[in-house]
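S.K.: turn this into a model:
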Amino acid sequence: MIRIQKEPAHVAKLIGLAALWGAMSFLGACSKGRSTEQLLQPNSGGAMTVSESSRHAFSRPATNLTVAQRGEFFIGNAFFNSPWVVAPASAGARDGLGPLFNARSCDQCHNNDGRGQPPLKEGEPPVSLVIQFATPTPGANNEPQADPNYGVNFNPFGIGGVAAEGKLRIRHREVAGTFGDGTSYTLLAPEYAFEELAYGELAADTKLSPRVAPAVFGSGLLEAIPETQIMERSDPDDADNDGISGRPNHVWDPLAGRAVLGRFGWKLNQPDIAHQTAAAFSSEIGMTSSFRPAEICMPAQTACGAAPSGGEPEISDEIFEHMVRYQRMLAVPVRRNLESPEVKRGARLFLESGCESCHRATFRTGNVKDQPWLSDQTIHPFTDMLLHDMGEGLADGRADFAASGSEWRTSPLWGLGLQKMVNGHTRLLHDGRARDVTEAILWHGGEGERAKEAFRNLSTQDREALLRFIDSL
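M.R.: Residues are numbered from 1 along each chain as shown. Predicted coordinates:
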């Protein structure tokens with residue numbers, strides 16, 4: 001997937017030695033006081049781990065559910081996977097789609113509860129990639145403000161009688177680079193353009209952020225991590241001088257009437273699974289809920305505003321709760337190949353290269369009321385649940401509450417080695433630009449620059465060992 005060319009051997013050796021020498025002090029510092037033991041634990045989800053490596057590996061119920069809870073799981077699963085329909089319909093519990101939307105079901109974006117990807121064919125509309133909008137000036141609670149004509153989300157589909165918002169065209173610019181051993185690589189930087197806009201022009205100062213649908217398995221465990229554990233890992237001023245200054249995002253919770261810790265979304269802009277689900281229903285499926293009772297139609301979208309409703313709210317509280325609990329019950333697949341010497345060597349290199357400084361291996365969940373399957377679990381998600389400045393190469397320029405345009409959450413890595421089996425692709429990062437794990441690492445900048453450089457300057461054999469470790473997750 002990366003185009004390979006070789007430098008002359010003597011040049012490659014000199015380049016590699018010089019770069020490796022500069023990274024040596026960093027490697028030693030990052031490995032100090034850490035061990036690989038927690039990086040090689042088989043049960044990433046604690047008691048919620050399942051022995052599964054098929055295309056359904058992300059869609060299994062946790063093994064520690066009761067019979068009654070498993071029944072709840074499968075009710076939620078049915079609603080998560082089934083398409084919504086246009087109102088009015090005889091299936092009143094399932095109508096209310098649109099009037100403007102990106103997808104007809106949750107599964108259409110989070111296929112098999114896994115990761116989405118950008119369109120791969122010229123002219124293909126985005127489904128599991130959404131474009132979020134915002135004006136530069138935030139609202140009263142520091143939340144992003146919508147584009148005056150297109151709202152918070154670009155919707156490429158509309159129901160009958162309602163014009164879709166337009167078409168998205170994605171082009172790619174090649175970015176060339178070289179590993180320390182002289183091997184060349186090429187990355188793809190996406191560039192976005194809108195065509196056939198139906199409701200006028202975007203505001204001149206509107207910022208856009210492309211974001212692919214993240215995996216949802218294990219979400220309940222991430223939600224159950226005590227806030228104190230997350231805050232303990234925050235170091236906004238880089239007090240320990242390791243070059244890593246992760247910090248939390250605090251976001252407005254309209255139900256609580258105050259700012260709370262953000263846990264979900266590419267910029268940690270949602271406080272919990274319920275808010276994340278309600279936001280997706282509102283801006284991507286076009287359906288109202290008790291969390292978000294208002295339609296998304298903007299003033300210029302008169303046909304949208306006049307379209308029939310599927311009720312108030314369009315998704316009932318009962319169905320909504322089933323879908324939230326379903327996500328909380330999704331298991332995490334067990335690790336694989338942990339006895340391989342190459343995987344063990346890769347774990348050491350993951351630690352020494354500084355990857356674990358952000359992709360922290362271990363948390364312990366708290367005691368969750370009425371959800372005992374989530375409680376008191378030692379888990380290994382490989383995230384710190386914090387924001388990090390990833391440099392200008394990945395910046396979208398769109399602030400999101402406290403998150404700047406160049407800050408992103410640390411993506412959990414659990415299940416990464418099964419993504420191709422489950423979702424049929426290996427696209428990574430917030431916009432899916434990376435075609436595999438190697439490219440995702442090479443896009444790291446900012447706080448991730450030194451870890452990227454350590455990886456870039458490994459020998460071919462060591463790079464492969466580190467990738468085999470990640471594949472074991």
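S.K.: alpha carbons only for contacts and neighbour counts from here, please
M.R.: Fine.
S.K.: show me where the stretch 51-200 of the chain has its strands.
M.R.: 100-101, 129-134, 157-158, 167-178, 184-195 (DSSP state E, counting those that start in this stretch).
S.K.: and the angle for the last one with strand 129-134?
M.R.: This means strand 184-195. Angle of strand 184-195 versus strand 129-134, following axes from the mean of the first three to the mean of the last three CA atoms, to 10 degrees, is 60 degrees.
S.K.: what segments of the stretch 201-350 of the chain are helices?
M.R.: With DSSP state H, counting those that start in this stretch as the criterion, the stretch 201-350 of the chain has helices at 219-223, 227-232, 273-280, 302-306, 317-329, 341-352.
S.K.: which of the ones you listed sits most buried?
M.R.: helix 219-223 (a mean of 24; mean count of other CA atoms under 10 Å).
S.K.: so where's this protein uncertain?
M.R.: Residue ranges of the chain with pLDDT under 70: 1-34.
S.K.: the same query, at a cut-off of 80, please.
M.R.: 1-34, 92 (pLDDT under 80).
S.K.: which residues of the stretch 251-400 of the chain fall in strands?
M.R.: Using DSSP E, counting those that start in this stretch, strands in the stretch 251-400 of the chain cover 258-261, 332-333, 363-364, 378-379, 387-389.
S.K.: can you classify K420 by secondary structure?
M.R.: helix (DSSP: H, G, I helix; E, B strand; the rest coil).
S.K.: contacts only, for the nearest residue to it once chain neighbours are set aside.
M.R.: Excluding its sequence neighbours, the residue lying closest to K420 (CA to CA, 6 or more residues apart in numbering) is T426, at 5.5 Å. With contact set as CA atoms under 8 Å, 6 or more residues apart in numbering, T426 has these partners: 419-420, 435-437.
S.K.: Y326 too?
M.R.: 72-77.
S.K.: restricted to helices, list the residues you listed.
M.R.: 72-77 (DSSP state H).
S.K.: what number of residues lie near F401?
M.R.: 22 (other CA atoms under 10 Å).
S.K.: cool, the one 3 residues further on as well?
M.R.: The local packing count at S404 equals 18, with neighbours defined by other CA under 10 Å.
S.K.: how far away is R169 from S290?
M.R.: Remark: distance between R169 and S290 (CA to CA, to the nearest Å) = 34 Å.
S.K.: what do you get for N141?
M.R.: For N141, the distance to S290 - CA to CA - is 20 Å.
S.K.: from the ones in helices among the contacts of Y326, which is closest to G218?
M.R.: Closest to G218 out of the ones in helices among the contacts of Y326 is F73 (13.7 Å), distances taken as CA to CA.
S.K.: list the contacts of that closest one.
M.R.: Neighbours of F73 in contact, by CA under 8 Å, 6+ apart: 61, 322, 325-326, 329.
S.K.: could you dump the residues you listed to a markdown table with distance to A307?
M.R.: Formatted as a markdown table, these follow (distance: CA to CA, whole Å):
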| residue | distance to A307 |
| --- | --- |
| P61 | 38 |
| H322 | 27 |
| R325 | 31 |
| Y326 | 30 |
| M329 | 35 |
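S.K.: those: which two are farthest apart?
M.R.: P61 and H322 (13.7 Å).
S.K.: same list (the ones in helices among the contacts of Y326) but as JSON lines, adding distance to P226.
M.R.: Formatted as JSON lines, these follow (distance: CA to CA, whole Å):
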{"residue": "E72", "distance to P226": "25"}
{"residue": "F73", "distance to P226": "24"}
{"residue": "F74", "distance to P226": "28"}
{"residue": "I75", "distance to P226": "28"}
{"residue": "G76", "distance to P226": "25"}
{"residue": "N77", "distance to P226": "27"}
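S.K.: out of those, who's nearest L374?
M.R.: Nearest to L374 among the ones in helices among the contacts of Y326 is F73, at 13.9 Å by CA to CA.
S.K.: so how far is M323 from that closest one?
M.R.: Separation of F73 from M323 (CA to CA) stands at 8 Å.
S.K.: spatially central residue in this protein, please.
M.R.: Against the mean C-alpha coordinate of the chain, by CA atoms, centre = their mean, the closest residue is P214 at 3.8 Å.
S.K.: hmm, back to that, list just the one of the strands of the stretch 251-400 of the chain that sits closest to P248.
M.R.: Short answer: strand 387-389, nearest of those by CA to CA, at 5.9 Å.
S.K.: which strands and helices sit next to that closest one?
M.R.: strand 407-409 (3 or more CA pairs under 8 Å, 6 or more residues apart in numbering; DSSP states H and E).
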